[in-house]
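**Student:** Show me the folded form of this:
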Amino acid sequence: AMAQAALGAAGLHFDELNKLRVLEPEVAAQTAQLREECRAFVDKTAEFQKIVGSLIELVDQLAKAAENEKMKAIGARNLLKSIAKQREAQEQQLQALIAEKKMQLERYRVEYETLCKIEADQNEFIDQFIFQK
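**Tutor:** Predicted coordinates:
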């Protein structure tokens with residue numbers, strides 16, 4: 001016991017297997033336990049990083065999918081706008097054509113009335129000519 005105390009004072013200790021150690025057995029056990037806890041912590045940190053990595057990957061995929069859908073929606077909207085513009089242009093062309101045809105119809109009506117008047121005048125002239133004979 002006195003030898004153990006002298007060795008302890010010199011910073012040397014015997015473990016449970018009576019091996020000579022620089023650390024006290026209790027400190028050595030705590031150190032080993034701390035090492036195990038650190039190893040477990042490092043493992044858990046690595047696992048957490050892996051989970052975070054796959055989560056980031058998933059979020060990236062979702063962001064790309066959302067971007068693709070957004071582009072499709074923009075494309076569809078632009079297509080609809082261009083179709084609407086085409087329809088508008090067609091409608092304007094048809095309105096112009098209708099106006100042109102109305103004017104043509106009015107010209108034909110005036111021409112017809114004029115021809116009817118000429119025909120009536122000629123018939124009157126013929127009638128007068130026949131009656132004079």
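
**Student:** what's the distance between the helix or strand harbouring residue 71 and the middle of its chain?
**Tutor:** Assigning secondary structure by DSSP states H and E places residue 71 in helix 25-132. Using C-alpha atoms, centre = their mean, to the nearest Å, the mean C-alpha position of helix 25-132 is found 15 Å from that of the whole chain.

**Student:** Mean confidence (pLDDT) on it, please.
**Tutor:** For helix 25-132, mean pLDDT rounds to 95.

**Student:** Give me the distance between residue 36 and residue 66.
**Tutor:** 45 Å (C-beta to C-beta, to the nearest Å). For every residue, glycine as well, the C-beta is placed using N, CA and C.

**Student:** got it, and residue 43?
**Tutor:** On the measure of C-beta to C-beta, residue 43 and residue 66 end up 35 Å apart.

**Student:** cool, residue 87 as well?
**Tutor:** For residue 87, the distance to residue 66 - C-beta to C-beta - is 31 Å.

**Student:** Kindly report the same for residue 46.
**Tutor:** 30 Å.

**Student:** Please apply the same query to residue 100.
**Tutor:** As judged by C-beta to C-beta, residue 100 and residue 66 stand 51 Å apart.

**Student:** And residue 48, by the same measure?
**Tutor:** Residue 48 is 26 Å from residue 66, by C-beta to C-beta.

**Student:** Check residue 96 too.
**Tutor:** Separation of residue 96 from residue 66 (C-beta to C-beta) stands at 45 Å.

**Student:** Ok, residue 112 next?
**Tutor:** Here residue 112 is placed at a distance of 68 Å from residue 66 (C-beta to C-beta).

**Student:** Next: residue 28.
**Tutor:** 56 Å.

**Student:** More neighbours: the two, which one.
**Tutor:** When residue 28 and residue 66 are compared for neighbours, residue 28 comes out ahead with 14 against 10, by other C-beta atoms under 10 Å.

**Student:** Mind telling me which residue is nearest the centre of the chain?
**Tutor:** residue 70 (2.2 Å; C-alpha atoms, centre = their mean).

**Student:** Tell me the spacing between that residue and residue 63.
**Tutor:** Counting by C-beta to C-beta, the gap from residue 70 to residue 63 is 10 Å.
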